[in-house]
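1. Sharing a model prediction with you, sequence too.
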Amino acid sequence: MLIVGIGGTTNPNSSSDAALRLALDEVEAQGAQVRMISGDLLKNLPMYDPVSPERTPDALALVAAMREASGIIISAASYHGSISGMLKNALDYAEDLAQDERAYFSGIPVGSIAVAKGYQAAVNTLATLRIVVHSLRGWPTPYGCIVNTSSTENGTGVEGAQEGLRLVAGEVVHLVRAFESHATIVSNLDV
Ligand SMILES: Cc1cc2nc3c(=O)[nH]c(=O)nc-3n(C[C@H](O)[C@H](O)[C@H](O)COP(=O)(O)O)c2cc1C
C-alpha cells in the first residue's frame with residue numbers, strides 16, 4: 001500500500017508541510033509506505049498545459065506518484081480563502097491520468113488537511129479541496145483536519161492538531177484496506 005502526500009508551500013517553516021509529514025508518519029506507523037510531494041517540488045512545476053505533452057522530471061514524478069497511489073493525503077495552505085494556486089496547479093496534473101484504466105483518482109480514498117490563519121478560510125479551503133477531489137473521482141474521507149496557525153508564535157501550529165491529523169491518516173489507511181478487501185470479495189463471488 002502506497003499513500004502519497006501532496007502539499008506544503010515554499011515557506012521553509014511551512015505548517016501545511018509539517019501537518020502532512022505528521023499524517024504520513026502515522027500512515028507509516030500503520031504499516032503503509034509513503035511518498036511525499038512537497039512544496040520543494042510543487043514550486044518548480046510549470047503551469048499545467050493540456051495541449052503540450054512535454055513534462056518536466058518533477059511533473060513526471062508527481063504524475064507517477066498519483067498513478068501509483070493506493071490513497072492520497074492532500075495538505076492545503078489557505079491563500080485568500082481557498083487552496084493555493086501552487087497546489088491547484090499540481091492537482092491539475094491529474095488530468096494526465098484521464099485516459100488511464102483507473103482514471104484520475106477513481107477508487108482512491110483522499111484525506112484532506114487545510115491550514116490557515118483563521119477558521120473561516122480553513123473551512124472554506126477544506127470544502128474547496130474536497131470539491132476538487134470529487135471532481136477527480138476521488139473519495140474524500142469523512143474527517144477533514146483543520147489547522148489554525150493564528151495563535152502560533154513559534155512552531156508550525158500542528159501541535160494542537162496532532163489527533164486530527166492522525167485521524168485523517170488512519171481513515172485513509174482503513175479505507176484503502178476496506179476497498180481492497182471488498183474488491184477481493186467481489187472478485188471471488190461466483191455470480
Ligand atoms: C498569499 C497568502 C494568502 C493568505 N490568505 C489567507 C486567508 O485568506 N485567510 C487566512 O486565514 N490565512 C491566509 N493566509 C495565511 C496562511 O494560510 C497561513 O500562514 C498558512 O500557515 C500558510 O501555510 P504554510 O505555513 O504551509 O506556508 C495567507 C497567506 C498567504 C501567503
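-> Yep, it's here. Numbering: from 1, shown residues only.
2. in this structure, which spans are helices?
-> Under the criterion DSSP state H, the chain contains helices at 15-29, 39-42, 57-68, 85-92, 119-135, 162-188.
3. So for Thr141, which of these sits nearest?
-> Checking the helices of the chain against Thr141 by Cβ to Cβ gives helix 162-188 as the closest, at 4.2 Å. Quick note: C-beta positions are derived from backbone N, CA and C, even for glycine.
4. So what would you say the end-to-end distance of stretch 141-157 is?
-> For stretch 141-157, the first-to-last residue distance is 23 Å (Cα to Cα, to the nearest Å).
5. do the same with stretch 144-161
-> End-to-end for stretch 144-161, by Cα to Cα: 11 Å.
6. how about the helices of the chain in JSON lines, adding distance to Leu2 and mean neighbour count?
-> Compiled in JSON lines, the helices of the chain are given as follows (distance: least, Cβ to Cβ, whole Å; neighbours: other Cβ atoms under 10 Å):
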{"stretch": "helix 15-29", "distance to Leu2": "10", "mean neighbour count": "23"}
{"stretch": "helix 39-42", "distance to Leu2": "17", "mean neighbour count": "19"}
{"stretch": "helix 57-68", "distance to Leu2": "6", "mean neighbour count": "16"}
{"stretch": "helix 85-92", "distance to Leu2": "18", "mean neighbour count": "19"}
{"stretch": "helix 119-135", "distance to Leu2": "18", "mean neighbour count": "18"}
{"stretch": "helix 162-188", "distance to Leu2": "9", "mean neighbour count": "16"}
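7. Of all these, which one is nearest Gly111?
-> helix 162-188 (4.1 Å).
8. quick check, stretch 36-46 touching the ligand?
-> No: with Cβ under 6 Å from any ligand atom as the criterion, the ligand is not reached by stretch 36-46; the gap is at least 7.5 Å.
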